[in-house]
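> quick one, what's the 3D model for this:
(chains A and B)
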Amino acid sequence: MATEPRQRPATEDGEVERKTLSGHPIEPLYGPERAPADPEQTIGAPGAYPFTRGPYESMYRGRLWTMRQFAGFGTVEETNERFHYLLGHGQTGLSTAFDMPTLMGYDSDHERSLGEVGREGVAVDTLDDMEKLFEGIPLGGVSTSMTINAPAAILLAFYVLVGEEQGTPPEQLAGTIQTDILKEYIAQKEWCFPIEPALRLVTDMVEWCTEKMPRWHPVSISGYHIREAGSTAQQELAFTLKDGLTYVERAIERGLDVDEFAPRLSFFFNAHVDFFEEIAKYRAARRIWAREMKETYGAKREESMRLRFHAQTAGVSLTAQQPLNNVVRTSIEALAAVLGGTQSLHTNSFDEALALPTEEAVRVALRTQQVIAFESGVANTPDPLGGSWFVEQLTDEMEAAAYDYFARIDELGGMVEAIRRNFPQREIADASFAYQREVDERERIVVGVNDFVQDDEPETPILRIDPELERKQADRLAATKSARDGSAVESALAELKAAAATDANLMPPIISAARARATEGEMIAALQEVFGTYTESPVF
Amino acid sequence: MSTATARKIRVVVAKPGLDGHDRGAKIIARALRDAGMEVIYTGLHQTPEQIAETVIQEDADAVGLSILSGAHMTLVPRIVELLKAQGVDDVLVTVGGTIPAEDIPELKQLGVAAVFTPGAGTEEIVEFIEKGAAERHANE
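Modelled structure (predicted):
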């Protein structure tokens, strides 16, 4: 299809203006005049403060990033099968996607779950489901990530109990649970409770895991979703780090020693398609976090200062048009994450603009990581772009932009207050609208969508979730409910409610209730009786 | 906007079900508002009953249902059914989101006027709603 040549906006002197995906201006040339003044101090070595170049001295020479594909759909049987498929094809860590009802704290048989069960992830209602989910997978031999936030404590309890049943005590379990509730109010929008009780639960998990689960990350401080909601890279960086610092503050207020809990904090960033902007973002993130932990929060151990992260390639960059182009996008994004020093990586499948991935598509996504790791050579040395005049300059500018946002958030009274006032939400809405306008006006080209369009495309086969699975899950749930000791569940829930009304750590009563086969929905409902619920006042 | 009436076109932009992906819905809400329409954004986590009630109470000319959770074949029919049951069958119903091509004919058979899938331009959507609502005004 013939299209008009697009006009780039020109500056006054006729120069063509170039900007990153986030709108950050890019100069015509970056040369030695930009060389960093004092690189040993300001950039440092990999594995040394301020960790700009990476959290570890040898980076991928010592150990490759974990290849960890997000997976989950239908019931635990289908997802267990997908877990085995991915492990069989060489992935090195598990990552669990839960369905909307599970994410929102509803059981599969709740009326609000109708039509939603197993569609965006796996349905998990009880400990019985969790056992089946990891059938044939010894938890002592894998690390597992779980993407769940408001009900995180419950899913962690399920996981710990499965480990226990399999013979692995909590202190040997390795993995991550997302738990990052602040970014829910900002971007992912999966909540069960008002902000303060939700934050209490986060701190309970940090406290409990610091003591009982030294190999576990009780929180994955996330920017991925903030970016997917439409933020710029600068906003993603600033809001994520500010959320993280808020959790640090809450943990310190609780009486925890920063050097005890901070080493187990982890992060999760987006890997978007503007290659160098992303690399600069990760490097700036490490440097900012290290400085703040050391100078603002008094951390003494290096482990407390080094930011480690998981990355996922940008879902929003995928197009429904000409889906094979998405393999290219994902590859570029994955490469950016690797050159940015990620510790763990999920690569999107080419068919994900419209559905969860088929087996074939997710295999190609995993192979993308394997080609990068084993064929491209980029893993042979840490931070290969370190010292690039462009990359160091961009890193500095990213850092400065983040500090600008920190100042604005501090002026509003901190991140929680900023969220209450809709500040990050409005920034995101504005940025997403500006981007859409650029695409509509063809100031920004999206291949296959507003240029290089193909008029009649063959249809790509996509994964369809069998509606029968909803009934299958309802049967599973009914079976658990009839087998369990109803009065044990009742008293466990009563104890949970009572504990919620005090400032006791809620992990123990949640574990007890989970062991008795209380459902996730029952536990959430019990907590909501004490905490209340949350409704946002949206801005657009 | 139709010249036959000074009343602004009223559009409800709704997020049915548990889906929290609101980026697109908000952009459309803003674009419709910028185009001079009266926009009521319901916010997240609306039940079909809540949406139908909002459409009726707000005397909407059009409703845009935004669904990226895969639950559209349960939620959209329910909403359309509720509108019909309450005698409101002249509202322009549009759907947006991650809707597989396979499902579009069935949605249209239910009375959905258009389904906007990923990559649809904002202008296209605004124009469609303007035109559709104006036609309904003309038929009143």
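> which other helices and strands contact the top helix by length along chain B?
Longest helix of chain B, by residue count under DSSP state H: helix B:122-138. The contact analysis (3 or more C-beta pairs under 8 Å, 6 or more residues apart in numbering or on different chains; DSSP states H and E) places helix B:122-138 against helix A:423-440, helix B:23-34, strand B:62-67, strand B:92-97, strand B:114-116. Yep, even glycine has a C-beta here, placed from its N, CA and C like the rest.
> same for the third one, what does it pack against?
On a contact count with 3+ C-beta pairs under 8 Å, 6+ apart, strand B:62-67 meets strand B:10-14, helix B:23-34, helix B:48-57, helix B:72-85, strand B:92-97, helix B:122-138.
> the first one to helix B:48-57, inter-axis angle?
To tie it back to what came earlier, the one meant is strand B:10-14. Using axes from the mean of the first three to the mean of the last three C-alpha atoms, to 10 degrees, the inter-axis angle of strand B:10-14 relative to helix B:48-57 is 170 degrees.
> related to what we said a few turns ago, for the helices and strands packed on helix B:122-138, which one sits closest to A:D259?
The minimum distance between A:D259 and the helices and strands packed on helix B:122-138 falls on helix A:423-440, with 29.2 Å, by C-beta to C-beta.
> pLDDT of that closest one, averaged?
The pLDDT scores in helix A:423-440 average 98.
> also stretch A:41-51?
Stretch A:41-51 shows an average pLDDT of 97 in the prediction.
> rewinding a little: mean neighbour count, the helices and strands packed on strand B:62-67: which tops it?
Each of those was scored by mean neighbour count; the highest is strand B:10-14, a mean of 26, by mean count of other C-beta atoms under 10 Å in any protein chain shown.
> what pairs with it, parallel or antiparallel?
strand B:38-41 (parallel), strand B:62-67 (parallel) (DSSP bridges).
> what's the most buried one of the ones you listed?
strand B:62-67 (a mean of 26).
> okay, now the closest residue in space to A:M59 that isn't next to it in sequence: neighbour count?
Leaving aside its chain neighbours, A:M59 sits nearest to A:P382 (3.7 Å; criterion: C-beta to C-beta, 6 or more residues apart in numbering or on different chains). Using other C-beta atoms under 10 Å in any protein chain shown, A:P382 has 20 other residues around it.
> for chain A, what's the nearest residue on chain B?
With C-beta to the nearest C-beta, the shortest gap between chain B and chain A falls at B:T74, namely 2.5 Å.
> now for that residue: which residues touch it?
A:114-116, B:17 (C-beta atoms under 8 Å, 6 or more residues apart in numbering or on different chains).
> turn the residues you listed into CSV, including secondary structure, neighbour count and distance to B:I129.
CSV is the format used below for these (DSSP: H, G, I helix; E, B strand; the rest coil; neighbours: other C-beta atoms under 10 Å in any protein chain shown; distance: C-beta to C-beta, whole Å):
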residue, secondary structure, neighbour count, distance to B:I129
A:L114, coil, 18, 28
A:G115, coil, 24, 25
A:E116, coil, 27, 27
B:G17, coil, 30, 22
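> A:S512: what's it in contact with?
Contacts of A:S512 (C-beta under 8 Å, 6+ apart): A:492, A:495-496.
> the closest residue to A:P36 other than its chain neighbours: neighbour count?
Distances taken as C-beta to C-beta, 6+ apart put A:E392 closest to A:P36, at 5.0 Å, once the chain neighbours are dropped. For A:E392, the neighbour count with other C-beta under 10 Å is 22.
> so what's A:I181 scoring on pLDDT?
At A:I181, pLDDT is 98.
> name the nearest residue to it, ignoring sequence neighbours.
Nearest residue to A:I181, sequence neighbours excluded (C-beta to C-beta, 6+ apart): A:A198, at 4.4 Å.
> packing partners of the helix or strand hosting that neighbour?
Using DSSP states H and E, A:A198 sits in helix A:195-212. Packing contacts for helix A:195-212, counted by 3+ C-beta pairs under 8 Å, 6+ apart, involve helix A:152-166, strand A:219-222, helix A:233-254, helix A:258-261, helix A:415-420, helix A:507-515, helix A:520-531.
> downstream of that helix, the next helix or strand is which one?
strand A:216-217.
> neighbouring strands - and their directions - for that next one?
strand A:174-177 (parallel).
> what is the helix or strand following the partner strand packed up against?
Next helix or strand after strand A:174-177 toward the C-terminus (DSSP H and E): helix A:182-183. When contacts are defined as 3+ C-beta pairs under 8 Å, 6+ apart, helix A:182-183 packs onto helix A:233-254, helix A:415-420.
> just name the most buried of the ones you listed.
The most buried one of the helices and strands packed on helix A:182-183 (mean count of other C-beta under 10 Å) is helix A:233-254, showing a mean of 23.
> could I get that one in CSV with only the CA atoms?
Backbone C-alpha positions of helix A:233-254 (Å, rounded to 0.1, in the frame of the first residue of the first chain) are rendered in CSV as follows:
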residue,chain,number,x,y,z
ALA,A,233,11.0,5.6,30.6
GLN,A,234,11.9,8.5,33.0
GLN,A,235,8.5,8.1,34.8
GLU,A,236,8.9,4.3,34.9
LEU,A,237,12.3,4.8,36.5
ALA,A,238,11.3,7.5,39.0
PHE,A,239,8.0,6.0,40.1
THR,A,240,9.5,2.5,40.5
LEU,A,241,12.4,3.6,42.6
LYS,A,242,10.2,5.9,44.7
ASP,A,243,7.8,3.0,45.3
GLY,A,244,10.8,1.0,46.4
LEU,A,245,12.1,3.6,48.7
THR,A,246,8.6,3.8,50.3
TYR,A,247,8.8,0.1,51.1
VAL,A,248,12.2,0.7,52.6
GLU,A,249,10.9,3.5,54.8
ARG,A,250,8.0,1.3,56.0
ALA,A,251,10.3,-1.6,56.8
ILE,A,252,12.6,0.7,58.8
GLU,A,253,9.6,2.2,60.6
ARG,A,254,8.6,-1.4,61.5
